[in-house]
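*Asks:* okay, predicted coordinates and the sequence, questions at the end:
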Protein chains: 2
Amino acid sequence: MANENPCPSVENAELAASLKGKTGASSKLTTSQNEASQSKSHPLGPLTADEILQSAALIRSCWPDGNECHFKVLTLLEPPKAQLLPYLTAERAGQAPRDIDRRAFVVYSLRGTHNVHEAVVNLTTGQVERNAKLGPFMHPNADSEELLAVEKAVLDHPDVRAELDKLQLPPGTVVVSDPWIYGSDGVNEGKFFDDRRLMHCFLYMRDPNNPSEPDSCHYSFPLPVLPVVDPVTLELIRIDILPTGLDEKVQPLAPWKPVPPNEYIPEAQKEMRTDMKPLRVAQPEGASFTVEDYSELGRLIRWQKWELKVGFNQREGMVLYDVHYDDKPLFYRLSLSDMCIPYGDPRHPFHRKAAFDLGDAGAGVMANNLQLGCDCLGSIYYIGGVLADTHGRPVDMPNVICVHEQDAGILWKHTNYRTNRAVVVRNRELVLQTIITVSNYEYILAWIFNTAGDITYEARATGILSTQPVDLDLTTTPHPFGTVVHPGVLGGYHQHFFSLRVDPMVAGPGNAIVYDEAVALPRDPTLNPHGVGYTTRRTEIETSGGYDLDPGTNRTFKIINPSVRNSVNGAAVGYKLMVPPMQPILADADSFHNKRAEFADHSIYVTRYAEGELYAGGRYTNQSRGGTGVRSWANRKDSLAAGDPVVWVQFGLNHIPRVEDFPVMPVETLRVMLRPVNFFDRNPAIDVPSSRQEVNCSVALDGSGTGLEDGVRGVSLGGDGDGREPTMAAGASRDSPCACP
Amino acid sequence: MANENPCPSVENAELAASLKGKTGASSKLTTSQNEASQSKSHPLGPLTADEILQSAALIRSCWPDGNECHFKVLTLLEPPKAQLLPYLTAERAGQAPRDIDRRAFVVYSLRGTHNVHEAVVNLTTGQVERNAKLGPFMHPNADSEELLAVEKAVLDHPDVRAELDKLQLPPGTVVVSDPWIYGSDGVNEGKFFDDRRLMHCFLYMRDPNNPSEPDSCHYSFPLPVLPVVDPVTLELIRIDILPTGLDEKVQPLAPWKPVPPNEYIPEAQKEMRTDMKPLRVAQPEGASFTVEDYSELGRLIRWQKWELKVGFNQREGMVLYDVHYDDKPLFYRLSLSDMCIPYGDPRHPFHRKAAFDLGDAGAGVMANNLQLGCDCLGSIYYIGGVLADTHGRPVDMPNVICVHEQDAGILWKHTNYRTNRAVVVRNRELVLQTIITVSNYEYILAWIFNTAGDITYEARATGILSTQPVDLDLTTTPHPFGTVVHPGVLGGYHQHFFSLRVDPMVAGPGNAIVYDEAVALPRDPTLNPHGVGYTTRRTEIETSGGYDLDPGTNRTFKIINPSVRNSVNGAAVGYKLMVPPMQPILADADSFHNKRAEFADHSIYVTRYAEGELYAGGRYTNQSRGGTGVRSWANRKDSLAAGDPVVWVQFGLNHIPRVEDFPVMPVETLRVMLRPVNFFDRNPAIDVPSSRQEVNCSVALDGSGTGLEDGVRGVSLGGDGDGREPTMAAGASRDSPCACP
């Protein structure tokens, strides 16, 4: 590697601003393996293994020997929209798009130091175009290497062992550490620690009666000792002792008292159900979608008039680009932008629990390797990813996205009661699913497309509560900050906020955001004599800002294209947002939870498109202090007159744990829907073939082997069948021969 | 039939009160076929064909020869709870329950008159226990016999033909009439017509270029002529002409102008999709549920620890009784209580559009005959019903409920990032589905049970908009009261309200209703120094009343049993209600829409249990005037201290039509969930076997015949595979051999 020409680092650069136009000094890498010509690829293609290696080498070349880089982020830097949109337009038109330089975005530290840099590598030219030291209150994400190191350091530390000794745990006990993002400790502690990046480690133990079981649910055995560690130096900063009563008082550590285990693994259950019979999805002709490569790792999916590009990166995981339906542009980019999970226990040190799972860690790097027949049913196509490790080496991430179809019940039906003819069309969906594990917790995240032009984003929250100890004698006492889910185990109250970033191009560029409301008309002897009238009113959002749902007015946010009119009724074509209500963040406006979770106060934010504004909580959420996310951008009150809005859809839940959520939680499911409104000229699923038995091959149960009796019962009727009234509606169909060959 | 002993009718009885204790004179039927001993059956068994015949005969026996009865309702009268609950308890305990007399509830008129009676027939004793003439403002439901008669009378009437002639419709045009419930016309018109029951008929035509197609979508061709008819005498009362502009002014009828058709039947489509490949549900070992008869027509279903009785009646359609999980009582009775669909067009005569689909017609009588392979996938068990026709004869209603299992994605998952072991359990659901056709419109209604103790009620709205004509030159002009969905066709704004009646017995009798809210703690230097704290507060509902959701406080209504405590944390066991927000009715408080839709103003009503209070809009909704539904009952401010609450859950949508909702509407789906909260001692689905490929037999797509490439890609990695970091989480599982035999 060529090290003779180190890139000077730009000290204390103001990194909160966007990256554009601040190119630092650069260094050209000349080794043959990194020829610029090799880097040509689709501008939206995820970084390839070669590009990861090339990027890391270029960064290393900036530094003298003896400096090792610890890579935190090494990912595709997507081109500016001004370059990319013409590229995509040309590509779609079958014209040769103008090449765009490939770039990598890199965050790294000098190994063993808190000296963290942000860099931009031009892979096409082989130059480091930017290389700047992070400013204050900007910290990189955690990574698995340091999590494992921190866990080991903590458990090996004599001071920690001394504290644990006070608990007099049974011989052979295995203690387990869940290192956690430090959140924010408030102004004073921030000063004490000089804005140093820290971790705190929640300690647990395995079931002492079964300590060799590595999958024992240690969350059933939380311990009151919380070491605070510097994840870079592995220095033990302090040991906090957890309050385990009803208030903030901390008791001296006392001997641990036995409690039963609460395991989720099947072999630990006393009894498993035996009466669940197999249910399989069979697709004898395969799937209805096709997959092509648009780059080495990027995938273009076509299904039922839909066309979309699927990317995958370290932070957001699955990202969708360039979404079209029937060759009509809809969305430029769709992604989960961030999550925030602030906890409601105000007591030190629980007040520091507020995780930004994407910004603090990364949905890509935490993605599960999905298993055939376990995570989906039917005919499955798996998409893999390649990410970078802390040494700048590529890591294969197989099966991080699964693509499959599912049946979702009936999409539309009508029975003509005069002819008894029923026409019924089922709702077929295309699902792109990814599952992430954030230490104790899981999120099942999916984009779902259907044949009626709808897009649904579904988030299922599952996994295990992040538990804390509570005094055994308080087990049946209501706790102000959580639910006792097991003897000695408190599931603390917390909120989940998701922020979905919707970058639209509904019917092309020049979109606007409006909301429509339904309002009662006043009584009027001529216009509303009976008091039953209502109408709708439209409000255009003219400047960036935060907006709230209002079920009382049926307030419905819509992305419209004022310059494209519906061919039937002349309305501006649009897509509406169907968003479940959420309780805004409960932490007060002056708290760091609130300041940092810039998206947790409004269901809708609208900003004017700006390069680099991808993450609702800002680029660097770890121990952030606020001021760099969507609330701040929205507060610019940018005019949206130029037609380049970005919509940020927030949704979430206040998780007041139930006993039923332990030891592993049945999913809490949230769905956001994007639905066409006066976009098409009629029901877009009118051309979907009817649901027919000769295709679906369902089985009428007749009791053989199931305890069931004849499905068509010989009901004893008083009459002989003639002269009966026609019923108002019945589903006999004149064109649906319902017999499966 | 024995007619010598007619029952005296009780003139103008006050029927709004409950039925108890007001037994009229009675008549004993002595024919052998109606022996009391033959009527013994389970008290919750739907009326059998024999019982229908017996009831009708007993009613007829009350009247002299020459009076013919027109039966409107002839259905099971369920026993009072005070009798039934001990019966069910004894039955469950394996003891011989004390017999309860079988009774029928009957509404009928003397044929050809508006003389309508309500009667109670004791089938066990063979006596008519009650027989009373309906009071003012009480009208029976419509029935299919009169709908067909009205349609014919209207189209044959010379005055109607004379009006239609003014439209100069093309030769051969087929005019179609949709008779509608008259709603309410306001006080004055009510006076004019002396509270007579009426119908008004929306007229349409078939595509004049294809008039022989009986399934032509006539809703694409609405006509501006609205005959008003007496459905009993078939007298034409008046012909209203519809306003077709933007205001209330009515134009003289002018020649019809050609517009294109808009058909939903597949053979009328220019092009159908050809790229949707089959997706089948295979259950090689059959279904996991069993079905037994608890009466001739009642069905007892057992599935995955659930046990419930399924009944079916004329008004509510599917009804669930005696719902238990793992032998624990949960719900005494679950039913859709009513619906109301008020329209928002204030102009005469549209102001009369407000349908109560259950009360005005009946979800049972409108139930579709569900078709194998069309309305559900997999292994299906069909339940049929028997209802009475207007002559008191039984009518077989085959396949009105389908019972099947479905996969609903992942129910819970956890990946231990230390061992990479994933445990994943899929969400299997039991679905009880019924579909009703209300003239133009369809509702797909389902109770869904899962393995985690959750019950979901799902309503899908589909079918065809009830359209009205709009001037062709206004096609692209925004309309204040609707959306133009086709040239000349307006889809008027309307609201849908559903009222779910939940009669609980969570962990037994003695339930209470509470709501919990999450509230921020005030800043406090000791208790909340960082401003992040929040807690919950509980409010007990002590008297009957209407209550609202409040997403801002995460207000969550719960049915609890204060006398049964969770074995882990001592909390009162409970079930929470997860209810989607709805915009309350927009018609003002003095309007008849509002007065009649007694359930459309609050998401939650709580009443004290009272016999006969089953229907949220009152027993007689047709042309009702209000004062007999849940709002009125709630306003009694009954104390709930005795622990016998009934919860009425309202949900709905404001349907602002889209062009996409025509000619048939993709489903709008609404879901209400009943979910255990501190009811079980841990995740109740912890014992569900893991999802495994050897059971599920999914298929990894490898491109054969699908255009897909290898699912496991040979990603080019820079390294040779050694020395890579473990990722933070991956889903490889040590106990899930994922190979299908």
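*Replies:* Ah, there it is. Residues are numbered from 1 along each chain as shown, chains lettered A, B, ... in the order given.

*Asks:* point out the residues in the stretch 1-150 of chain A that sit beside chain B.
*Replies:* Residues of the stretch 1-150 of chain A lying near chain B by Cβ under 8 Å from any Cβ of the partner chain: A:48, A:49, A:50, A:52, A:53, A:143, A:144, A:145, A:147, A:148. In short, each C-beta sits where N, CA and C put it, glycine included.

*Asks:* again, only using 7 Å
*Replies:* Within the stretch 1-150 of chain A, the positions lying close to chain B (Cβ under 7 Å from any Cβ of the partner chain) are A:49, A:50, A:52, A:53, A:144, A:145.

*Asks:* number of nearby residues for the fourth one?
*Replies:* Right, residue A:53. 21 (other Cβ atoms under 10 Å in any protein chain shown).

*Asks:* what is the burial count for the closest residue to residue A:67 other than its chain neighbours?
*Replies:* Setting aside the residues directly before and after it, residue A:67 is nearest to residue A:110 in space (Cβ to Cβ, 6 or more residues apart in numbering or on different chains), at 5.2 Å. The tally of other residues near residue A:110 (other Cβ under 10 Å) stands at 17.

*Asks:* residue A:110 contacts residue A:64, doesn't it?
*Replies:* No: between residue A:110 and residue A:64 there is no contact under Cβ atoms under 7 Å: 10.6 Å.

*Asks:* which helices and strands sit right next to the strand or helix carrying residue A:646?
*Replies:* For residue A:646, the element it lies in under DSSP states H and E is strand A:645-655. Secondary-structure packing of strand A:645-655 (3 or more Cβ pairs under 7 Å, 6 or more residues apart in numbering or on different chains; DSSP states H and E): strand A:494-504, strand A:512-520, strand A:604-608, strand A:665-677.

*Asks:* got the angle for the longest one vs strand A:494-504?
*Replies:* In this structure, strand A:665-677 runs at an angle of 30 degrees to strand A:494-504, with axes from the mean of the first three to the mean of the last three Cα atoms, to 10 degrees as the basis.

*Asks:* get me the contact residues on the stretch 501-650 of chain A for chain B.
*Replies:* A:518, A:520-521, A:523, A:526-528, A:530-536, A:551-554, A:566, A:568-570, A:581-583, A:586-588, A:590-591, A:593.

*Asks:* again, 6 Å this time
*Replies:* Contact residues, the stretch 501-650 of chain A versus chain B (Cβ under 6 Å from any Cβ of the partner chain): A:518, A:520, A:528, A:530-535, A:551, A:554, A:566, A:568-570, A:581, A:583, A:586-588, A:590-591, A:593.

*Asks:* which of these are buried, as a ChimeraX select command?
*Replies:* In ChimeraX, a selection of the buried entries from these looks like this (16 or more other Cβ atoms under 10 Å in any protein chain shown):
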select /A:518,520,528,530,531,532,533,534,535,551,554,566,568,569,581,583,586,587,588,591,593
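
*Asks:* keep only those of the residues of the stretch 501-650 of chain A next to chain B that are in helices.
*Replies:* Among these, the ones falling in helices (DSSP state H) are residue A:593.

*Asks:* I'd like the next helix or strand past the lengthiest strand in chain A.
*Replies:* When chain A is parsed with DSSP state E, its longest strand is strand A:394-416. Note on strand A:394-416: by DSSP H and E, the next helix or strand toward the C-terminus is strand A:421-438.

*Asks:* let me know how buried the residue of the stretch 201-350 of chain A found nearest chain B is, in neighbour terms.
*Replies:* Taking Cβ to the nearest Cβ, chain B has its nearest neighbour within the stretch 201-350 of chain A at residue A:346, 2.7 Å off. Residue A:346 has 26 neighbouring residues, counting by other Cβ under 10 Å.

*Asks:* and for residue A:659?
*Replies:* Residue A:659: 25 neighbours (other Cβ under 10 Å).

*Asks:* wait, isn't it in contact with residue B:565?
*Replies:* No: counting by Cβ atoms under 6 Å, residue A:659 stays clear of residue B:565, with 11.3 Å between them.

*Asks:* my read is that residue A:575 contacts residue A:674, right?
*Replies:* Yes: the pair residue A:575 / residue A:674 is scored as a contact, 5.1 Å apart, by Cβ under 6 Å.

*Asks:* is chain B contacted by stretch A:280-293?
*Replies:* Yes: on the criterion Cβ under 6 Å from any Cβ, stretch A:280-293 is in touch with chain B at A:280, A:282, A:283, A:285, A:286, A:287, A:288, A:290, A:291.

*Asks:* again with stretch A:170-178
*Replies:* No: using Cβ under 6 Å from any Cβ, stretch A:170-178 stays clear of chain B, coming no nearer than 7.9 Å.

*Asks:* got the contact list for that stretch?
*Replies:* A:151, A:154-155, A:201-206, A:208, A:211, A:218, A:439 (Cβ atoms under 6 Å, 6 or more residues apart in numbering or on different chains).

*Asks:* the nearest residue to residue A:513 once chain neighbours are set aside: neighbour count?
*Replies:* Distance criterion Cβ to Cβ, 6+ apart; nearest residue to residue A:513, sequence neighbours excluded, is residue A:541 at 4.4 Å. Applying other Cβ under 10 Å, we find 17 residues neighbouring residue A:541.

*Asks:* cool, residue A:151 as well?
*Replies:* Count around residue A:151 with other Cβ under 10 Å applied: 19.

*Asks:* what residues of the particular helix or strand that has it in it count as buried?
*Replies:* Using DSSP H and E, residue A:151 maps to helix A:144-156. For helix A:144-156, burial by neighbour count (16+ other Cβ under 10 Å) applies to A:144, A:145, A:146, A:147, A:148, A:149, A:150, A:151, A:153, A:154, A:155.

*Asks:* equivalent analysis for stretch A:261-269, please.
*Replies:* By 16+ other Cβ under 10 Å, the buried positions in stretch A:261-269 come out as A:261, A:262, A:263, A:264, A:265, A:268.

*Asks:* do the same with stretch A:506-518
*Replies:* So, applying 16+ other Cβ under 10 Å, buried residues of stretch A:506-518: A:506, A:507, A:509, A:511, A:512, A:513, A:514, A:515, A:516, A:517, A:518.

*Asks:* excluding sequence neighbours, find me the nearest residue to the last one.
*Replies:* Read that as residue A:518. Nearest one to residue A:518, counting by Cβ to Cβ, 6+ apart, is residue A:554 at 4.3 Å.

*Asks:* for the residue nearest the centre of chain A, which three-state class applies?
*Replies:* Chain A has residue A:336 as the residue nearest its centroid, 4.6 Å off, counting by Cα atoms, centre = their mean. Put simply, residue A:336 is strand when judged by DSSP: H, G, I helix; E, B strand; the rest coil.

*Asks:* partner residues bridging it?
*Replies:* For residue A:336, the beta-bridge partners are residue A:500 (DSSP bridges).

*Asks:* would you mind measuring from residue A:397 to chain B?
*Replies:* For residue A:397, the distance to chain B equals 7 Å [Cβ to the nearest Cβ, to the nearest Å].

*Asks:* so what's that residue bridging to?
*Replies:* On the basis of DSSP bridges, residue A:397 is bridged to residue A:385.

*Asks:* run a quick neighbour tally on it.
*Replies:* Other residues close to residue A:397 by other Cβ under 10 Å number 23.

*Asks:* list the contacts of it.
*Replies:* Contacts of residue A:397 by Cβ under 6 Å, 6+ apart are A:384, A:385, A:387.

*Asks:* nearest spatial neighbour of the first one, skipping sequence neighbours?
*Replies:* Spatial nearest neighbour of residue A:384, excluding adjacent residues (Cβ to Cβ, 6+ apart): residue A:398 at 4.5 Å.

*Asks:* wait, the one you found sits on residue A:369?
*Replies:* Yes: if you go by Cβ under 6 Å, residue A:398 and residue A:369 touch, sitting 5.5 Å apart.

*Asks:* out of those two, which sits in the busier spot?
*Replies:* residue A:369 (22 against 19).
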